[in-house]
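J.: Let me see the structure of the following:
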Amino acid sequence: MRTSLLAAFALCFLVVVAGCGVAGPTTGTVVIGVTSELLAGADMDRVRVVLRAGGEVVRDDVLTQKSGQLFFPREFFFSDLEEGTAVEISLEAFGAEDADRPLLVRTASTQVLGGRKLLLEVRLERECMVAPGAPTCPAPQTCVAGGCSAASVDPRRLDPYSASWKADPGPDVCKPAGGGEPIVVVGEGQADYFPLEDLDEVQVEAGPQGGYHIFVATRLKNLRRSGSTTVVNGFVPDLGYTVDPLKVIFTLDQDEGGFCKLSGLRFRLDGERGIEELLGKVVEIEATVTDADGDTGTGKRKVTLSRTIL
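T.: Numbering: from 1, shown residues only. Take a look at the predicted model:
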């Protein structure tokens with residue numbers, strides 16, 4: 001009888017201990033990884049990014065080409081939030097021609113899982129571009145692959161976060177192994193690269209928000225396709241005038257002959273000098289591209305500014 005009583009007490013003790021086990025983690029993290037088919041400068045001039053956690057805005061930024069912030073891939077973190085917290089990203093891409101109406105809107109949302117660090121991938125796709133002011137997907141839907149889909153993603157379908165998600169798994173088409181020294185060639189073009197010879201005339205255009213510019217394009221090889229920084233400088237010898245530099249970070253387009261290219265670099269001309277003084281003048285353009293490996297290439301071209309303004 002005594003033995004049975006002791007056994008009963010022991011069983012109750014084990015049940016109590018089992019019921020007092022250590023609780024699992026109650027907080028987790030979601031990383032939103034954003035990539036883009038749209039090119040900074042050619043397709044879009046700025047992107048507004050709004051992050052919400054639990055319905056509250058925790059970040060509201062505008063990434064601009066001019067500041068050098070408009071590059072992809074990039075990451076946005078929701079760190080150490082309580083399990084079940086809803087997190088959301090809203091992305092609005094704007095072209096230079098219309099600063100008020102976006103040409104693409106993309107949203108995505110999910111929930112935090114305790115003890116997990118999840119990756120939610122979001123892509124800005126050309127198929128989802130619309131004319132400014134045209135209808136977009138009604139909330140809570142968003143555009144994915146050209147159609148309207150649910151913006152919310154079940155967190156159980158998401159992969160664990162790894163920094164390798166944004167790594168290019170294949171060889172770099174713009175910087176193949178053993179490719180040689182970097183080459184940069186300066187041309188022109190808003191939507192594509194067009195070659196120039198020294199002293200060729202380039203068209204001066206009026207900017208949508210003031211200022212006057214030309215569109216510089218580059219053709220290059222043996223520099224990284226993603227994450228490279230381009231700095232465009234200009235000098236007008238007749239006036240001793242140095243044009244304010246343009247600095248951008250971008251993803252290159254593949255071109256023929258082992259080259260890559262970038263177009264639509266809006267290089268503003270006026271500043272300390274009015275545009276009337278610059279029309280018809282020769283500008284010495286220099287484009288320097290530096291990639292994430294620290295390799296650098298520079299291209300130069302003398303161009304003649306048009307005497308008319310579009």
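
J.: low-scoring stretches of this protein, by residue?
T.: 1-23, 132-133, 167-170 (pLDDT under 70).

J.: tell me the domain ranges of it?
T.: Under the assignment automatic domain parsing, the domains of the chain span 27-166, 183-309.

J.: Start and end of the shortest one, how far apart?
T.: This means domain 183-309. Start-to-end span of domain 183-309 (Cα to Cα, to the nearest Å) is 32 Å.

J.: before we move on, what about the longest one?
T.: Its first and final residues considered, domain 27-166 spans 25 Å by Cα to Cα.

J.: Please, where are all the helices along the stretch 151-300 of the chain?
T.: 275-278 (DSSP state H, counting those that start in this stretch).

J.: Walking through the stretch 101-250 of the chain, point out its strands one by one.
T.: 104-111, 117-124, 141-144, 147-150, 159-160, 183-188, 200-206, 212-221, 226-236, 241-251 (DSSP state E, counting those that start in this stretch).

J.: Which of the ones you listed has the highest mean neighbour count?
T.: Of all the strands of the stretch 101-250 of the chain, strand 212-221 carries the top mean neighbour count, a mean of 23, counting by mean count of other Cβ atoms under 10 Å. C-betas here are computed from N, CA, C, even on glycine.

J.: Neighbouring strands - and their directions - for that strand?
T.: Using DSSP bridges, the strands paired with strand 212-221 are strand 183-188 (antiparallel), strand 200-206 (antiparallel), strand 260-268 (antiparallel).

J.: to the chain's geometric centre, what's the distance from the last one?
T.: Read it as strand 260-268. Centroid displacement of strand 260-268 relative to its chain, using Cα atoms, centre = their mean, to the nearest Å, is 16 Å.

J.: between the helix or strand Glu92 falls within and strand 104-111, how many degrees?
T.: Glu92 belongs to strand 86-94 when elements are defined using DSSP states H and E. Interaxial angle, strand 86-94 versus strand 104-111 (axes from the mean of the first three to the mean of the last three Cα atoms, to 10 degrees): 170 degrees.

J.: what are the pairing partners of strand 86-94, and which direction each?
T.: Taking DSSP bridges as the criterion, strand 86-94 forms sheet pairs with strand 46-53 (antiparallel), strand 104-111 (antiparallel).

J.: wait, which of the strands of the stretch 101-250 of the chain is closest to Thr308?
T.: For the strands of the stretch 101-250 of the chain, the distance to Thr308 is smallest for strand 200-206, at 7.3 Å, taking Cβ to Cβ.

J.: that older thread, any chance of the strands of the stretch 101-250 of the chain in JSON lines with distance to Gly33 as columns?
T.: Listed next are the strands of the stretch 101-250 of the chain as JSON lines, based on distance: least, Cβ to Cβ, whole Å:
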{"stretch": "strand 104-111", "distance to Gly33": "10"}
{"stretch": "strand 117-124", "distance to Gly33": "5"}
{"stretch": "strand 141-144", "distance to Gly33": "15"}
{"stretch": "strand 147-150", "distance to Gly33": "18"}
{"stretch": "strand 159-160", "distance to Gly33": "10"}
{"stretch": "strand 183-188", "distance to Gly33": "30"}
{"stretch": "strand 200-206", "distance to Gly33": "36"}
{"stretch": "strand 212-221", "distance to Gly33": "27"}
{"stretch": "strand 226-236", "distance to Gly33": "13"}
{"stretch": "strand 241-251", "distance to Gly33": "15"}
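
J.: what about these, which gets the closest to Lys261?
T.: Closest of those to Lys261 is strand 212-221, at 4.8 Å (criterion: Cβ to Cβ).

J.: how much space is there between Arg157 and Glu121?
T.: Remark: distance between Arg157 and Glu121 (Cβ to Cβ, to the nearest Å) = 11 Å.

J.: Serialize the domains of the chain to CSV and add fields for distance to Lys175.
T.: Output for the domains of the chain, formatted as CSV (distance: least, Cβ to Cβ, whole Å):
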stretch, distance to Lys175
domain 27-166, 17
domain 183-309, 5
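
J.: Which one of these lies nearest to Pro176?
T.: Pro176 sits nearest to domain 183-309 of all those, at 7.2 Å, using Cβ to Cβ.

J.: which one's the longest strand in this structure?
T.: The residue-count maximum for a strand in the chain (DSSP state E) belongs to strand 296-309.

J.: Give me the contact list for that one.
T.: 181-188, 196, 198-206, 212, 214, 218, 220, 222-223, 269, 275, 278-290 (Cβ atoms under 8 Å, 6 or more residues apart in numbering).

J.: Also stretch 156-171?
T.: Under Cβ under 8 Å, 6+ apart, the answer for stretch 156-171 is 29-31, 33, 35, 73, 75, 110, 113, 116-121, 177, 225-226.

J.: go with 7 Å
T.: Val31, Gly33, Pro73, Thr110, Lys117, Leu118, Leu119, Leu120, Ser226 (Cβ atoms under 7 Å, 6 or more residues apart in numbering).
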